[in-house]
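Colleague: Sequence isn't available, so here's the structure alone:
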């Protein structure tokens with residue numbers, strides 16, 4: 001799949017737990033357009049989908065800042 005990055009949305013410090021240790025990282029979010037190909041999840045992605053604002057509010061999203069960012073940027 002080939003993408004074209006559209007827009008920088010934001011970045012936030014986050015942490016995830018790995019082997020009982022909290023690991024800090026910087027999450028950087030962009031919007032992108034699919035140029036060709038189909039999105040296919042790898043082993044680090046549970047699913048790929050398109051969601052309405054109402055559906056997004058109900059999703060189990062690991063990082064709360066991501067939900068707030070997506071809701072703020074959705075039309």
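Modeller: Nice, thanks for sending it over. Because the structure is a prediction, the values reported are computed rather than measured. Numbering: from 1, shown residues only.

Colleague: where along the protein do the strands fall?
Modeller: 2-18, 21-36 (DSSP state E).

Colleague: Just the buried positions in the shortest one, please.
Modeller: I take that to be strand 21-36. residue 29 (16 or more other Cβ atoms under 10 Å). From N, CA and C alone the C-beta is placed, and that goes for glycine too.

Colleague: In the sheet, which strands lie alongside it, parallel or antiparallel?
Modeller: strand 2-18 (antiparallel) (DSSP bridges).

Colleague: in the strand it pairs with, what counts as buried?
Modeller: By neighbour count on 16+ other Cβ under 10 Å, the buried set for strand 2-18 is empty.

Colleague: which residues sit against that strand?
Modeller: The set of residues external to strand 2-18 that reach it, using Cβ atoms under 8 Å, 6 or more residues apart in numbering, is 22-37, 62-63, 65-66, 69, 73.

Colleague: Let's see that with 10 Å instead.
Modeller: Applying Cβ atoms under 10 Å, 6 or more residues apart in numbering, the set of residues contacting strand 2-18 from outside is 21-37, 39, 62-66, 68-70, 72-73.

Colleague: How far off centre is that strand?
Modeller: 7 Å (Cα atoms, centre = their mean, to the nearest Å).

Colleague: Ok, stretch 12-23 next?
Modeller: 16 Å.

Colleague: want to throw the strands of the chain into JSON lines with mean pLDDT and distance to residue 48?
Modeller: Shown next, in JSON lines, are the strands of the chain (pLDDT from 0 to 100; distance: least, Cβ to Cβ, whole Å):
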{"stretch": "strand 2-18", "mean pLDDT": "92", "distance to residue 48": "13"}
{"stretch": "strand 21-36", "mean pLDDT": "94", "distance to residue 48": "11"}
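
Colleague: Now distance to residue 58 too, for these, in a markdown table please.
Modeller: What follows is the strands of the chain, written out as a markdown table (distance: least, Cβ to Cβ, whole Å):
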| stretch | distance to residue 58 |
| --- | --- |
| strand 2-18 | 21 |
| strand 21-36 | 20 |
